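Asks: Next comes the sequence, and after it the predicted model I'd like to discuss.
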Amino acid sequence: MQAEQDYKKDPDTLQVRIQIRYPAPSPILPPLACQGVNRMISVQDCFHDFDFRFSQSKDLQAIRSYGVPIYPGKGDLAGGDVWFTLRAAEVASAPLRVTVSTPDGQEVSATFDLGTLR
C-alpha cells in the first residue's frame, strides 16, 4: 500500500545523472561548505555556479535534484554525481539534450535518443 501511495504522490519520473569531475589541480574549487558532506540535498548547494539545462522542443524543468560527492583516496572533494528528476509525462520519446555550463565558461552537451529506450 505504501508503494501505491508513493507512486500516486510522485508518478512516473525520469532520472538524469551527470558526473562532474574537477581536474587536479582544479581552477574551479567547490565551496568549502560542500567539502566533507556525504549527500548534497540540492545540486545547487555545491554546484551553484554550474548551469544545467534539459531540452527537447522546449526547456524541461527538474522537479528535484541531489548530489553525491566524489572523494578520491586523499579525501578532497573531486566532483560529484548529480541527479535530476524530471516528470515523465513532460518528456517525449524523442532526443533529450542535456547541457552543462561550467563556471569558467565551458559548455558541454549530450543528446540522448529516448525513442530507442522503449
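Replies: Great, that's in hand.

Asks: show me where pLDDT drops low in the protein?
Replies: Within the chain, the ranges that satisfy pLDDT under 70 run 1-3, 5-10, 24-37, 42, 74-76, 118.

Asks: how about the helices of it, start to end?
Replies: Taking DSSP state H as the criterion, the chain carries its helices at 2-9, 43-46.

Asks: so who does Asp81 touch?
Replies: Contact analysis of Asp81 by C-beta atoms under 8 Å, 6 or more residues apart in numbering lists Arg17, Ile18, Gln19, Gly67, Val68, Ile70. In short, each C-beta sits where N, CA and C put it, glycine included.

Asks: ok, of these, which one's closest to Val91?
Replies: Arg17 (15.1 Å; C-beta to C-beta).

Asks: my guess is the closest one contacts Trp83, does it?
Replies: Yes - between Arg17 and Trp83 there is a contact under C-beta atoms under 8 Å: 5.3 Å.

Asks: Name the residue in these two with the higher neighbour count.
Replies: Taking neighbours as other C-beta atoms under 10 Å, Arg17 and Trp83 compare with Trp83 leading, 17 against 11.

Asks: what's the spacing between that one and Gly73?
Replies: Trp83 sits 24 Å away from Gly73, going by C-beta to C-beta, to the nearest Å.

Asks: next one: Phe54
Replies: 33 Å.

Asks: What of Glu90?
Replies: 41 Å.

Asks: the more surrounded of these two?
Replies: Glu90 (14 against 6).

Asks: Going along the chain, name the strands of this protein.
Replies: 13-21, 51-55, 59-60, 64-70, 79-87, 95-101, 107-113 (DSSP state E).
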